[in-house]
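Model the following, please.
(one chain, ligands or ions: 1)
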Amino acid sequence: MKIGIMCYPTFGGSGVVATELGLELSKRGHEIHFITYKQPVRLELLSNNVHYHEVTVPEYPLFHYQPYELALSSKLVDMVKLYKIEILHVHYAIPHAYAGYMAKKMLEDQGIYLPIVTTLHGTDITLVGSHPYYKPAVTFSINKSDAVTAVSQSLKEDTLRLFDIKNNISIVPNFIDLDKYNHDFTNCQRDIMANEDEKIITHISNLRPVKRVQDVISIFYNVQKVMPAKLMLVGVGPEREKVEIQCQELGILDKVIFFGKSNEIDKILCFSDLFLLPSETESFGLAALEAMASGVPVISSNTGGIPEVNVQGVSGFLSNVGDLEDMTKNAIHILSDENRLATFKMNARKEALKYDLHKIVPQYEAIYKDTLDKC
Ligand code: GMT
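Sure thing, here's the model as predicted:
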């Protein structure tokens, strides 16, 4: 199939999923066309089957807001005609599902039918999409998609609760390339980051308020009072300055390593002992799955789709949002006993196997085929 993929090119979960999906589909013989404003961060272009089409928005002083959706749908129309793209998969409803629909209508005018598969990822529904300013457009574009998927049962339920949806929503969970995280743990270069007796705790996110990064610092602060430990904080975002000040005030700045953006997540996870994800809301928690695939147990909140990924008492523990006492207790429980830690590490990896990309990507292929057959 010739498949167009529209996504955010950044480090965010939806962009990562879209990119990994496109790359795997290309390995399975499909021709993939990424259409977005910057080359996606995890995109490897050294493949015959992968193309990247950049959307540029010329600045014009009249516009207070530059019309990205217009440029996106125009680019899409051109690329569909040029490369004979058969189906479009949009990741993150805003504004991709809307721009896709506009392109579809323009193409229809020229006798070309372009079916659209929309994948909902989380904040496009729970935080941003349900805002009254966007809701009518988001509802419309979900209902006008030829197929709709959500990354968890929880996100499907949120979508049906928050929007008036007439379309069926299939659940296709996020997935992981297990080979990427299949470490030889003797080679992790752990000694670069910490002393032998220190436990390594990690958090990876876009450091937005929804991630509750201050809770990460508080949990780490409590843990390092009981045992030697270091915190790896990966990602950039608006909470960074606040948490730096928090670390300074708590006197733990020397124990926290701020990585910023990183393309070496697999290496960082390789030497991690525990992953923290205390988010306010999380439709899936791809970062937790990446940690589990690396054999890193997860201490998380029990919100949204996280309980579908992190299994209580098996791959880690879940607590109510903001229950720092419980999260600290659970973290210490896992880290304080080497045998227990080893069991949790093994279980985490085992749970992650359920999300092997070889099991999940064919589900998307089946949806594309089904959608094309119906046209
Ligand atoms: O985590 C974020 O804030 C980024 C956001 C995105 O769309 O890029 O992530 C959402 O999609 C991910 C991939 O499907 C999910 O794993 C995340 O749970 C989800 N984030 C939230 O729901 C907050």
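
Residue 127 and residue 211 touch, don't they?
No: the criterion here is C-beta atoms under 8 Å, and residue 127 misses it with residue 211 at 11.8 Å. (Glycine included, C-beta is placed from N, CA and C.)

Could you find the closest non-adjacent residue to residue 104?
Closest residue to residue 104 apart from its sequence neighbours, by C-beta to C-beta, 6 or more residues apart in numbering: residue 114 at 4.9 Å.

List the contacts of the one you found.
Residue 114 sits next to 80, 85-88, 100, 103-104, 107-108 when contact means C-beta atoms under 8 Å, 6 or more residues apart in numbering.

re earlier: of residue 127 and residue 211, who's got more company?
Neighbour count, other C-beta atoms under 10 Å: between residue 127 and residue 211, residue 211 has more, with 24 against 15.

host element of residue 288?
Take DSSP states H and E as the rule and residue 288 turns out to sit in helix 286-293.

coming back round to it: among the contacts of residue 114, find me the one that's closest to residue 365.
residue 87 (10.7 Å; C-beta to C-beta).

Tell me how many other residues crowd the closest one.
24.

Now do the contacts for it.
Contacts of residue 87 (C-beta under 8 Å, 6+ apart): 1-4, 114-117, 368, 371-372.

and if we set it to 10 Å?
The neighbours of residue 87, taking C-beta atoms under 10 Å, 6 or more residues apart in numbering as the test, are 1-5, 30, 80, 113-117, 146-147, 367-369, 371-372, 375.

Separate out the buried members of these.
Neighbour counting with 16 or more other C-beta atoms under 10 Å marks 3-5, 30, 80, 114-117, 146-147, 367-368, 371 as buried within those.

These in strands, which ones?
Per DSSP state E, strands hold the following members of the buried ones among the contacts of residue 87: 3-5, 116-117, 147.

Would you reformat those residues as CSV and include distance to residue 169 and pLDDT?
Shown next, in CSV, are those (distance: C-beta to C-beta, whole Å; pLDDT from 0 to 100):
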residue, distance to residue 169, pLDDT
3, 20, 98
4, 21, 98
5, 19, 98
116, 14, 98
117, 12, 98
147, 9, 98
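
Throw those into JSON lines and include distance to the ligand, thanks.
Formatted as JSON lines, these follow (distance: C-beta to the nearest ligand atom, whole Å):
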{"residue": "3", "distance to the ligand": "18"}
{"residue": "4", "distance to the ligand": "19"}
{"residue": "5", "distance to the ligand": "14"}
{"residue": "116", "distance to the ligand": "18"}
{"residue": "117", "distance to the ligand": "15"}
{"residue": "147", "distance to the ligand": "17"}
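
and these as TSV, adding distance to residue 163?
Listed next are those as TSV, based on distance: C-beta to C-beta, whole Å:
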residue	distance to residue 163
3	26
4	25
5	23
116	17
117	18
147	16
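
ok, which stretches of the stretch 101-250 of the chain are helices?
Taking DSSP state H, counting those that start in this stretch as the test, the helices found in the stretch 101-250 of the chain are 123-126, 135-144, 153-162, 190-193, 213-226, 240-250.

need the next SSE after the last one, C-terminal direction.
Just to be clear, that refers to helix 240-250. By DSSP H and E, the next helix or strand past helix 240-250 is strand 256-260.

what are the C-alpha coordinates of the following helix or strand past that next one, in CSV please?
Of the helices and strands lying after strand 256-260 in sequence (DSSP H and E), the nearest is helix 265-270. Taking C-alpha atoms only, helix 265-270 is exported to CSV below (Å, rounded to 0.1, in the frame of the first residue of the first chain):
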residue,chain,number,x,y,z
ILE,A,265,16.7,6.8,25.6
ASP,A,266,17.6,3.1,25.2
LYS,A,267,21.1,3.7,26.7
ILE,A,268,19.6,5.7,29.6
LEU,A,269,17.0,3.0,30.3
CYS,A,270,19.7,0.3,30.1
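
Which residues of the chain lie near the ligand?
Residues of the chain lying near the ligand by C-beta under 6 Å from any ligand atom: 12-15, 17, 92, 121-123, 126, 151, 174, 206, 208, 210, 281-286.

From those residues, keep the buried residues only.
For these, buried by 16+ other C-beta under 10 Å: 12-15, 17, 92, 121-123, 126, 151, 174, 206, 208, 210, 281-286.
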